[in-house]
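**Student:** fold the following, please.
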Amino acid sequence: MGEKSRSGGCCGWFLVLVILAVIAAAIVIVVKKKSGNSDHVAPVPGPPGAVVQKYGDALKVAMQFFDVQKSGKLVDNKISWRGDSGLKDGTEAKLDLTKGMYDAGDHMKFGFPMAFTATVLSWTILEYGDQMDTVGQLEAAKDSLMWITDYLINAHPSENVLYIQVGDPEEDHKCWERPEAMTEKRPLTQINTSSPGTEVAAETAAAMASASLVFKTSDPKYSSNLLKHAKQLFTFADKYRESYSVSIPEVQTYYNSTGYGDELLWAASWLFHATGDRTYLDYVTGQNGEDFANWGSPTWFSWDNKLAGTQVLLSRLSFFGAKGTSDTSGLNSYRKTAVAVICGLLPDSPTATKSRTDSGLVWVSQWNALQHPVASAFLAALYRDYMLTTRTPKITCDGKSYTPADIHKFVKSQADYVLGDNPMKMSYLVGYGDKYPQYVHHRGASIPVDAKTGCSDGFKWLKSTHPNPNVATGALVGGPFLNESYVDSRNNSMQAEPSTYNSAVIVGLLSSLVTTSSAVQSFS
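**Tutor:** The predicted structure is shown next:
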């Protein structure tokens, strides 16, 4: 329905993983010396190891929610109860905005979280594409990513104009109907020089820059187009600095932004990875870093705050080196803060956050509780693998040392909790395992395909006491309360509503665990 103010058994194979990573890292060093490779991000190796079936199966399930959420003329539709929808989106501006994905259980297209979804999905493909491929999910991930980036390209018709929303949330939420049956008007919202939106423009730039790397080899022309849009949007975001929550106050009810500085750093970081242009690196390590990076203060990674993600992403440069980064002093503050983020997550660390349940799930927000632990575990997995690939033996948390194995234990604990190792003994990933939510807060899933109801009379399906007739496979619901209870009720949107960006972070987390070798890939 749309969030209001959304805010033990590892050691044997892990030793093998460490040995493989050491050998692989040595090979890269030799190859790099022989080839004189000077790409802006050094290649790191890693043929994937054996598939861990639990995580491979869960990844296959999680990937399906992107198909559930697709708008537009569906090609090779894999979801039997979904059909074409939103086919007139964009017509009032003579644009094709039919693609993209619906945000959550509703039919809104919110550009801010949708772009974040694309950025995280790109990052996952770039780091763990080989692992995804071992279970046949790489091409599906690239297809889902392109479904969003096609939309984002069309939503940016000129340098300083970006359409950031399709639909009126107030009108949209007066209806309970299948997306295929929508008849209400779908107005468009844009940012421009008169009504800027720095965080949305910058996040969209990050999405396009990261996606340009994904498609760099397979579709160079498309990649180049994405990069052109990313550069234009970043310039727009930086030159016309204003929060979209200020320019367009109506957005505050659903995706209110707490500031745009993190998105500027995030976008510039991705543009450096995509281009190797030193000016983007100077941007994040200079005055803008001083102004916005909040060095030394760990934060939670989410659709609204990209600082922790930026810190881990820029740590990649200090781990592996890159063209134009021989002087890494400006990156040290990012890496130190990334370490502080990881230290805060490890339960035995002297600086461990107390924001967690009795069973060990990181728990920050009552609304959509699973977003933060899953996103945090994804970042921890990336940092773990950067350490492994570079043979970095430990991090230090207030005088106490922790190894990649310690980080892995935390990463695995959060994933396992989501998949059923929790007091409810229930998987919060719909379609995985024997027990998962049956009353997901999702319109399309709750209404029979042959239903004749329309906008307002369709609310009988929201109130129905029967389980959803259609399974929203791959949906990661909001999750448990702090006391680890879960009320499986369709009207309980706080706990029972999934979102597309939840899917992005769970796909990232599962991809990092799907094989016994998680050596990260090259971005070049």
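
**Student:** who's in contact with residue 449?
**Tutor:** Neighbour list for residue 449: 81, 178, 469-470 [criterion: Cβ atoms under 8 Å, 6 or more residues apart in numbering]. (Each C-beta comes from the backbone N, C-alpha and C, glycine too.)

**Student:** I meant residue 182, not that one.
**Tutor:** Counted by Cβ under 8 Å, 6+ apart, residue 182 has contacts 85-86, 107, 175.

**Student:** can I get those in JSON lines with pLDDT and distance to residue 256?
**Tutor:** Formatted as JSON lines, those follow (pLDDT from 0 to 100; distance: Cβ to Cβ, whole Å):
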{"residue": "85", "pLDDT": "98", "distance to residue 256": "27"}
{"residue": "86", "pLDDT": "98", "distance to residue 256": "25"}
{"residue": "107", "pLDDT": "97", "distance to residue 256": "20"}
{"residue": "175", "pLDDT": "96", "distance to residue 256": "23"}
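
**Student:** hmm, which of the contacts of residue 449 are the buried ones?
**Tutor:** 81, 178, 470 (16 or more other Cβ atoms under 10 Å).

**Student:** possible to save those as TSV with pLDDT, secondary structure and distance to residue 463?
**Tutor:** Output for the buried ones among the contacts of residue 449, formatted as TSV (pLDDT from 0 to 100; DSSP: H, G, I helix; E, B strand; the rest coil; distance: Cβ to Cβ, whole Å):
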residue	pLDDT	secondary structure	distance to residue 463
81	98	coil	20
178	97	coil	16
470	98	coil	17
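
**Student:** go ahead and flag the most central residue of this protein.
**Tutor:** residue 120 (3.4 Å; Cα atoms, centre = their mean).

**Student:** the strands in the chain, which residues?
**Tutor:** 109-110, 162-166, 188-191, 395-397, 400-402 (DSSP state E).

**Student:** pLDDT weak spots in the stretch 401-524 of the chain?
**Tutor:** Of all residues in the stretch 401-524 of the chain, those with pLDDT under 70 make up the ranges 517-524.

**Student:** again with the chain
**Tutor:** 1-48, 323-329, 517-524.

**Student:** let me see the contact set for residue 476.
**Tutor:** 62, 65, 370, 374, 418, 428-430, 498-499, 502-503, 506.

**Student:** of those residues, closest to residue 196?
**Tutor:** residue 499 (25.7 Å; Cβ to Cβ).

**Student:** tell me where the stretch 401-524 of the chain has helices.
**Tutor:** For the stretch 401-524 of the chain, the helices defined by DSSP state H, counting those that start in this stretch cover 404-418, 443-446, 459-463, 493-496, 500-513.

**Student:** residue 107 - how many residues pack around it?
**Tutor:** 26 (other Cβ atoms under 10 Å).

**Student:** that one against residue 179, yeah?
**Tutor:** Yes. With contact defined as Cβ atoms under 8 Å, residue 107 reaches residue 179; the gap is 5.0 Å.

**Student:** and for those two, which residues touch both?
**Tutor:** Joint contacts of residue 107 and residue 179 (Cβ under 8 Å, 6+ apart) are 71, 85-86, 443.

**Student:** can you put those residues in JSON lines and add neighbour count and distance to residue 321?
**Tutor:** As requested, these are arranged in JSON lines below (neighbours: other Cβ atoms under 10 Å; distance: Cβ to Cβ, whole Å):
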{"residue": "71", "neighbour count": "24", "distance to residue 321": "41"}
{"residue": "85", "neighbour count": "21", "distance to residue 321": "47"}
{"residue": "86", "neighbour count": "23", "distance to residue 321": "45"}
{"residue": "443", "neighbour count": "25", "distance to residue 321": "49"}
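
**Student:** which ones among the residues you listed lie within helices?
**Tutor:** residue 443 (DSSP state H).

**Student:** returning to what we had before: which of the strands of the chain is buried the deepest?
**Tutor:** Greatest average neighbour count among the strands of the chain goes to strand 109-110 (a mean of 30), per mean count of other Cβ atoms under 10 Å.

**Student:** pull up the pairing partners for that one, direction included.
**Tutor:** Paired neighbours of strand 109-110 in the sheet (DSSP bridges): strand 162-166 (antiparallel).

**Student:** pull the residues that contact the strand it pairs with.
**Tutor:** 86, 89-90, 93, 95, 97, 100, 108-112, 155-157, 186-192, 197, 200-201, 204, 233, 236, 244, 251.
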